[in-house]
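A.B. asks: Using only what follows, build the 3D model:
(chains A and B)
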There are 2 protein chains.
Amino acid sequence: MPIATPKPPLPRVVIIGAGFGGLSAAKALSRAPFSVTVVDRHNYHLFQPLLYQVATAGLSPADIAAPIRGILRGPNCSVHLAKVTGVDPKEQTVTTERGALRYDYLIVATGARHAYFGHDEWESAAPGLKKIDDATTIRRRILIAFERAETEIDEAERKRLLTFVIVGGGATGVEMAGAIAELAKKALAADFRSIDPRDAQIVLVEAGPRLLPAFAPSLSDYAKKALETLGVEVVLSRAVTECDGLGVVLGDSRLESRTVVWAAGVRASPAGKWLGAETDRAGRVVVNSDLSVPGFPNVFVIGDTASVADENGNPLPGVAAVAKQQGQYVAKLLQLRERGVSSPPFRYRDYGSMATIGRSRAVAEIWGLRLTGLIAWVLWSVAHVYFLIGFRNRLVVALSWAWSYLTFERGTRLITGAEGATEPPAPSKMRDAA
Amino acid sequence: MPIATPKPPLPRVVIIGAGFGGLSAAKALSRAPFSVTVVDRHNYHLFQPLLYQVATAGLSPADIAAPIRGILRGPNCSVHLAKVTGVDPKEQTVTTERGALRYDYLIVATGARHAYFGHDEWESAAPGLKKIDDATTIRRRILIAFERAETEIDEAERKRLLTFVIVGGGATGVEMAGAIAELAKKALAADFRSIDPRDAQIVLVEAGPRLLPAFAPSLSDYAKKALETLGVEVVLSRAVTECDGLGVVLGDSRLESRTVVWAAGVRASPAGKWLGAETDRAGRVVVNSDLSVPGFPNVFVIGDTASVADENGNPLPGVAAVAKQQGQYVAKLLQLRERGVSSPPFRYRDYGSMATIGRSRAVAEIWGLRLTGLIAWVLWSVAHVYFLIGFRNRLVVALSWAWSYLTFERGTRLITGAEGATEPPAPSKMRDAA
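C.D. replies: Numbers count the residues shown, from 1 in each chain, chains lettered A, B, ... in the order given. Below is the predicted model of the structure:
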């Protein structure tokens, strides 16, 4: 009988963040000879592209989130629920609030937060949309604004309550504006007695000259017209210069509103600081062509946290497809490196992009085609349901959409989570409702 | 041409609370010549019997809650989202934090909260299950306990984290115990590396001599055996005498646990105080045989807030069916009274009761029959899906159950709502997970 030789320990890979990038790396590595630990502050992977539907009462949080442990069940994979407090690339250690993790390879995929161009004090007045709690906060504010308007006797305050401002004309801003318009003009239309939700004013403000700057100008024009058909006012080439609980200032004019949603700026997670690495203006780590951090060949940064340029020198967009491909690339690279083989530089394969505006209206650039209207919307819906994680979620989302499409209903318009929530501040005078 | 006579104003009915009682009254009155205003702190009706499934990650909050405005769309019906601060039965006014409401008839249907037998300080250690926020709090605590146990190196603390105590052996307690057992032993079984969730200890404590005291003793026995088969320890005839963040004391022995769920006591809303009316020990208003408050023939109290005896002098149970029938009764009574006709006393028609224990296990007393096992469970499932409000919710819940039944999965196990939540308190020592 041969004497058993002890197996060498597997190389330890720590992945920070279970977004699109971290999860795709973990899934690819879970089938390879590595010991993988995924660290995340949350116990679920969030399908961020549909977060705006939670914020506008179309879907439940659980419809677009799946427990990480349920996705990564391989025997070499473990999940560590904790907030990361720092990285020591020399000691090869990640510190968390719940203990330290040693690594042979580190993959940082910590994503991005919204940013306020140096005006962090605007955040409480104009929440952004990155996390589940952001989405339920925005949902609560939108629904409470209609409730307050119903009993408000002061004309100016009622108008303020029924005005919704979305700052930022990228995909998230366009999707939010369209969804709020549909909520007000269709789903809530019959719900109130003193107000008509269809009178709600929805304003989308973009500092640049057109909506959806990542798309072709013809699609920007389509998106603007489609939003205007839904009743959204689109304000272009105007930057927000002030923002508080009563509205926003656009240069020399003031727009009064109790509900402002921020979809304008993005700032990478503090991973650059942890690593002491060079970052770009948005805080993204400038990485080598193989996504490793200069000076630390066993540390990789991917997704919204990495600053990577395409072959023309333009920065890659902060979208799921980039993060996923980068995760898969690093997983492949590690397998090759363990065998002593080097990898070619990372290259992004752009399969296209899409944004939805509302019922039967979307734009898509895919396989070199520019599509608008129903066909783009069907493509968008199929793609988003397909990429949702977990069969159950796909089914629930598909059914929720079919139901909303047929009935114009929005099933999840619950005001939860803040017993006696005071945003927006209670108005001064109240109608006697009896 | 006849001269138009101005229509007399409709009698104003104010209904406080949109639970089963208030909503059934409002729905019945919305088709009658009354001006109805429903006041509630929340903008949704909650299907409380399924709240334990939200607490154990089986369903989403929106699956068991429907917006009140969506249910009450009649032209004579309005909804007032506000917390009631008092009632002045002499001035016929309800005061809310958002203005006052005058009424000709008042229906108080404000339900009940859990109670701690004079130990309100136990609430933070042992939350009860009455509201959506209660359910998501309990869900978060249960899921975090497993996460903490995964990285805990202290043996005693790990055992404490993996021990779940449910206090109270009524329907809610039995359902919670069964659902936590199924969560630990099936849905989470493959999720962890350092712990085996199947080792979790689930203890159901009941002060009385048997579980489900409202059911026949044979069904109590079945429930106990079925729970034990699921791995639940059932402790009878032992009252909790102390309760803190580290466990409960049962007479002379201590049971260490980080997660205690309270399902033992119920206390009516403060409606009795508002009305200055006589209440029973649980705070319920002692009403006349027509459910009106002694001294105020135009004020009615229904549901869990009313103390009503059946023909044998036994108090009616705090269940949905009683509240619904009382709501319909008062709606009928008001219509008769407007026509000058008096009503017979309220009588409860008991169609039966059911409680579920777990997959394919339930008890039911219905049409004089005592049922257990699969047939009771199918009956329970069909009845609960049927009574859920809104076609969409029925469909989503039915599909979620079918999915869970086939796969043993629990789709909504998300830890949300408390960024850096500290319950249960972070343990002292942590395992190095790498």
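A.B. asks: Torsion angles phi and psi at the closest residue to A:Arg347 other than its chain neighbours?
C.D. replies: Spatial nearest neighbour of A:Arg347, excluding adjacent residues (CB to CB, 6 or more residues apart in numbering or on different chains): A:Glu311 at 7.5 Å. C-beta coordinates here come from the backbone N, C-alpha and C atoms, glycine included. Per-residue torsions, A:Glu311: phi -60, psi -20 (degrees, to the nearest 10).
A.B. asks: and A:Leu399, that's in a helix?
C.D. replies: Yes - counting by DSSP: H, G, I helix; E, B strand; the rest coil, one finds A:Leu399 located in a helix.
A.B. asks: for it, what are its contacts?
C.D. replies: Residues near A:Leu399 by CB atoms under 8 Å, 6 or more residues apart in numbering or on different chains: B:Leu395, B:Val396, B:Leu399.
A.B. asks: try A:Val396
C.D. replies: With contact set as CB under 8 Å, 6+ apart, A:Val396 has these partners: A:Asp63, B:Val396, B:Leu399, B:Ser400, B:Gly411.
A.B. asks: The residues you listed: which two are farthest apart?
C.D. replies: A:Asp63 and B:Leu399 (11.9 Å; CB to CB).
A.B. asks: Let me see the mean pLDDT of stretch A:22-39.
C.D. replies: Average pLDDT, stretch A:22-39: 95.
A.B. asks: same question but for stretch A:209-220, I mixed them up
C.D. replies: 95.
A.B. asks: which parts of it are buried?
C.D. replies: In terms of neighbour count (16 or more other CB atoms under 10 Å in any protein chain shown), stretch A:209-220 has its buried residues at A:Arg210, A:Leu211, A:Leu212, A:Phe215, A:Leu219, A:Ser220.
A.B. asks: In TSV: the residues you listed, plus distance to chain B.
C.D. replies: Putting the buried residues of stretch A:209-220 into TSV (distance: CB to the nearest CB, whole Å) gives the following:
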residue	distance to chain B
A:Arg210	36
A:Leu211	31
A:Leu212	30
A:Phe215	32
A:Leu219	33
A:Ser220	34
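A.B. asks: So the spatially most central residue of chain A versus A:Ile195, what's the distance?
C.D. replies: Ranked by distance to the mean C-alpha position of chain A (CA atoms, centre = their mean), the top residue is A:Gln48 at 3.9 Å. From A:Gln48 across to A:Ile195, the span is 33 Å (CB to CB, to the nearest Å).
A.B. asks: Kindly report the same for A:Ala282.
C.D. replies: 40 Å.
A.B. asks: Of those two, which one has the most company?
C.D. replies: Of the pair A:Ala282 and A:Ile195, A:Ile195 is the one with more neighbours under other CB atoms under 10 Å in any protein chain shown, namely 20 against 16.
A.B. asks: Just give the nearest non-adjacent residue to the residue in the stretch 201-350 of chain A positioned nearest to chain B, would you?
C.D. replies: Closest to chain B within the stretch 201-350 of chain A is A:Asn298: 13.9 Å, counting by CB to the nearest CB. Counting by CB to CB, 6+ apart, A:Tyr105 is the residue found nearest to A:Asn298 once chain neighbours are left out, at 5.0 Å.
A.B. asks: Surely the residue nearest to the centre of chain A and A:Val319 touch.
C.D. replies: No - assessed by CB atoms under 8 Å, A:Gln48 is found out of contact with A:Val319, at 9.8 Å.
A.B. asks: any residues in contact with both of those two?
C.D. replies: Common contact partners of A:Gln48 and A:Val319 (CB under 8 Å, 6+ apart): none.
A.B. asks: Which single residue of the stretch 151-300 of chain A ends up nearest chain B?
C.D. replies: Residue of the stretch 151-300 of chain A nearest chain B, by CB to the nearest CB: A:Asp191 (3.8 Å).
A.B. asks: so that residue, which of the three states?
C.D. replies: Going by three-state DSSP: A:Asp191 is coil.
A.B. asks: Same check on A:Leu106?
C.D. replies: Under three-state DSSP, A:Leu106 comes out as strand.
A.B. asks: beta partners for it?
C.D. replies: With beta bridges defined as DSSP bridges, A:Leu106 has these partners: A:Val14, A:Val299.
A.B. asks: give me every residue that touches it.
C.D. replies: A:Leu106 neighbours (CB under 8 Å, 6+ apart): A:Val13, A:Val14, A:Ile15, A:Ile16, A:Val87, A:Pro89, A:Gln92, A:Val94, A:Asn298, A:Val299, A:Phe300.
A.B. asks: Name the SS class of A:Ser342, please.
C.D. replies: A:Ser342 - assigned by three-state DSSP - is coil.
A.B. asks: cool, A:Trp377 as well?
C.D. replies: helix.
A.B. asks: how near is it to chain B?
C.D. replies: Relative to chain B, A:Trp377 is positioned 21 Å away (CB to the nearest CB, to the nearest Å).
A.B. asks: ok, now which ones touch that residue?
C.D. replies: Counting by CB under 8 Å, 6+ apart, A:Trp377 touches A:Thr356, A:Arg359, A:Ser360, A:Arg361, A:Ala362.
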